[in-house]
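Novice: the following block contains a protein sequence and its predicted model.
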Amino acid sequence: MKEHLRPAITLLALLTIITGVIYPLTATGLAQVLFPHRVNGSLIVIDGKTYGSEFIGQQFDDPKYFWGRPSAAGYDASASSGSNFGPMNPSLEEVAQARIDALQAADPNNPLPIPVDLVTASASGLDPHISVASALYQVGRVASARGLSEAEVTSLVEKYTEGRQFGIFGEPRVNVLLLNLALDGLQ
């Protein structure tokens, strides 16, 4: 038994050092060198002030800002989750109708159909993007609240529209935080 114990303990110690210390430190060091912005949370820092991460949605409810996708998690990254309301659950319809009512109250003269991603929460509850249709739906309200022309705001939406990943995956989308920060810079 003793003849097996010493090699087993030696191997355990060696593998613990390799997989528990050397590998994580190497991977972390390489990531810091190759992708420092992403490794550090993709934080948006302007003039020393951190506004958030470009990959975590934030709540905007002021009419002068574009509103992001609703969050079942209350925009709390530690509570990331969807609502888990299925299509037959009456609560889903109630929540969606309340969001539709809020959008119509904020922009009563908007004739465009309300895009689905403005009334349904994402699976994570922290989606930082909205569809291009959702951004264009809000152009009139934002332009009016800021005293800008719709053409100026539409141009900004177009500028901040991200294409499909690798040109084929997903749909074009707009990062709400980046767009709202650009709007503030436009003022």
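Specialist: Ah, there it is.

Novice: which residue ranges of the chain form helices?
Specialist: For the chain, applying DSSP state H gives helices covering 2-17, 23-34, 36-39, 90-106, 132-146, 150-159, 176-186.

Novice: nearest to Asp117, of the ones you listed?
Specialist: helix 132-146 (5.3 Å; Cβ to Cβ). Using the backbone N, CA and C atoms, a C-beta is placed for each residue, glycine as well.

Novice: of the helices of the chain, which is nearest Leu118?
Specialist: Of all these, helix 132-146 comes closest under Cβ to Cβ, at 5.0 Å.

Novice: which other helices and strands contact that closest one?
Specialist: Helices and strands in packing contact with helix 132-146 are listed as helix 150-159, strand 173-175, helix 176-186; criterion 3 or more Cβ pairs under 8 Å, 6 or more residues apart in numbering; DSSP states H and E.

Novice: highest mean neighbour count out of those?
Specialist: Counting by mean count of other Cβ atoms under 10 Å, strand 173-175 has the highest mean neighbour count of the helices and strands packed on helix 132-146, with a mean of 23.

Novice: which helices and strands does that one pack with?
Specialist: The criterion is 3+ Cβ pairs under 8 Å, 6+ apart, and the helices and strands that strand 173-175 contacts are strand 129-131, helix 132-146, strand 161-162.

Novice: closest one to Ala13 among these?
Specialist: In terms of Cβ to Cβ, the element of the helices and strands packed on strand 173-175 nearest to Ala13 is strand 129-131, at 46.6 Å.

Novice: partners of the closest one in the sheet?
Specialist: With DSSP bridges as the test, strand 129-131 is paired with strand 173-175 (antiparallel).

Novice: now the partner strand, how far from the chain's geometric center?
Specialist: In terms of Cα atoms, centre = their mean, to the nearest Å, the centre of strand 173-175 is found 9 Å from the chain centre.

Novice: and the gap between Asp101 and Gly140?
Specialist: 18 Å (Cβ to Cβ, to the nearest Å).

Novice: compare the two (neighbour count), which wins?
Specialist: Taking neighbours as other Cβ atoms under 10 Å, Asp101 and Gly140 compare with Gly140 leading, 17 against 11.

Novice: contacting residues around that one?
Specialist: Contact partners of Gly140, counting by Cβ atoms under 8 Å, 6 or more residues apart in numbering, are 107, 109-110, 150.
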